[in-house]
Structures are given as structure tokens and as C-alpha cells.
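1. build me a structure from this.
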Amino acid sequence: MRFVTGWAGVLVGVAGLLAAGPARAERVVLLPRPGQVGVSVSGLYGTLLKSGSVGDQFGNGPGLAVRVRYRMRYERAFGLSFESHGFDPRPADYLTDLLTKERYPAADPLAYKKVNVFLYGLDFYQLFSTRTKTTKMLGVGAGLAHPTFELNDGEQQYPLNDGLYVGASAGIERFFWQSMAFELGARYQAVFLGSKVNHDFQASLGLMFYASL
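-> Numbering: from 1, shown residues only. Here you go, the predicted structure:
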């Protein structure tokens, strides 16, 4: 009888722990409130359509983005974006110098090895499901674009002046501990460089942290 009573006590204790588990896990997540500022760091990978001053010769590549987001009332937010995105040349026998219009063999020291496009802009977001652990977002943004070209010999070239960009995005924040969340997103950006439009599509994955009030 004592054996049965002992096991019954163990089972009751285990059931109590299991019941308390979800509540404790729920308390671990602190959802951000209006007035809080979040900072995210994301890795990204994107591709350019084969058009425009840059996309005509460059295709895919990785990048890094840092975004600051301020939560407002009525499920809205605005923020700043700082993005560095590198693109490798498309497979080709020759590459055209955008400054001199000369064509160089792809392996030539004066041919392009890579282009980096730096974007600095403002974003506005409409948020959804902000009272759950998974916040959904739609956004629009605009800002400045600064391209730099690296040659095979390691030199930097600046054949295009700075330009502008406009973009649209969609993503989610999935909170997992305190005010930290995984951030998954997709963006389209029209980058205006050299009087032509370059179409940039990208996907990103990173971490977002909201500072406590």
C-alpha cells in the first residue's frame, strides 16, 4: 500500500511540474511594448535581376544588415536600416568597365571581382499579432545607395555615383526568451544607380533584441 501511495505521490508531482512548465515558459518571454527600441543583426543572401547598371554584370551574393526598430502604438513601427550587400560577377568571358567602357577578360587584374552596395535608409512597418510570440510585419523603406567595386588586383573603383533605393518587405519576429526574437524576412529593393534601376531580391535571418523600459 505504501508502494502504491508513493508512486501516486510521484505521479502527482510530475503532473504538477508539467502543468507549471508552460506557465513558466510563458513568463520567460517579455513581449515588447510601444515605446521600446529593438536592434537586429541579420545575415542575408540575395540576387539581382539581369538588368540595370549593376545587375547586368553581377548576380548573387551574401550580406549583413543592422536594423533599428521603434515600436509605436496601433501596431506600427519605424526604424533605420544599415545594409552591406556583396554581389559576384555573372559567369562571363569578359566584363565591361563601367567607367571607361573597356572590356576585360574575367581573369584580368583590371576586371571586376565583386561589387558591394551599401544601403542607408528609413523604414515604416505595419505589425500584426503583436500580443503573441510571433509578430508579423509588412514594411516599406527608402534611402541612399553607395556602390563600391573591387578589382581582381585588390584596387577599389567608384564608377557610379551614389543613388537612391525604395523597397518593400515582409517578415516575422518569433520571440523565444525575454525580449529576444528570431527574425526572418524577405525584401525587394529597386536600387537606382547610373540612371538605371537594379532589382534586388533577398532573404534574411537574424536576431532581434528589444531594450527594456
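
2. show me the contacts for the closest residue to residue 153 other than its chain neighbours.
-> Excluding its sequence neighbours, the residue lying closest to residue 153 (CB to CB, 6 or more residues apart in numbering) is residue 109, at 3.9 Å. Yep, even glycine has a C-beta here, placed from its N, CA and C like the rest. Neighbour list for residue 109: 151, 152, 153 [criterion: CB atoms under 8 Å, 6 or more residues apart in numbering].

3. look at residue 109 and give its secondary structure.
-> Three-state assignment for residue 109 (DSSP: H, G, I helix; E, B strand; the rest coil): coil.

4. from what I see, residue 36 and residue 209 are in contact.
-> No - contact status for residue 36 versus residue 209: not in contact, 10.3 Å apart, counting by CB atoms under 8 Å.

5. mind jotting down where the strands sit in this protein?
-> 37-48, 60-71, 76-87, 94-96, 103-105, 112-128, 134-151, 156-157, 163-177, 180-193, 196-210 (DSSP state E).

6. low-confidence ranges in this protein?
-> The chain contains residues with pLDDT under 70 at 1-27, 213.

7. so it: which segments form each domain?
-> Following the assignment in automatic domain parsing, the chain carries domains at 1-30, 33-210.

8. looking at the ones you listed, which is buried most?
-> Comparing the domains of the chain by mean neighbour count (mean count of other CB atoms under 10 Å), domain 33-210 comes out on top with a mean of 17.

9. returning to what we had before: just curious, which of the contacts of residue 109 is nearest to residue 193?
-> Nearest to residue 193 among the contacts of residue 109 is residue 151, at 18.1 Å by CB to CB.

10. touching, the closest one and residue 110? I think so.
-> Yes - applying CB under 8 Å, one finds residue 151 in contact with residue 110, separated by 5.9 Å.

11. please name the residues that touch residue 119.
-> If you count contacts by CB under 8 Å, 6+ apart, residue 119 has them with 81, 82, 83, 85, 143, 144, 145, 146, 165, 189, 191.
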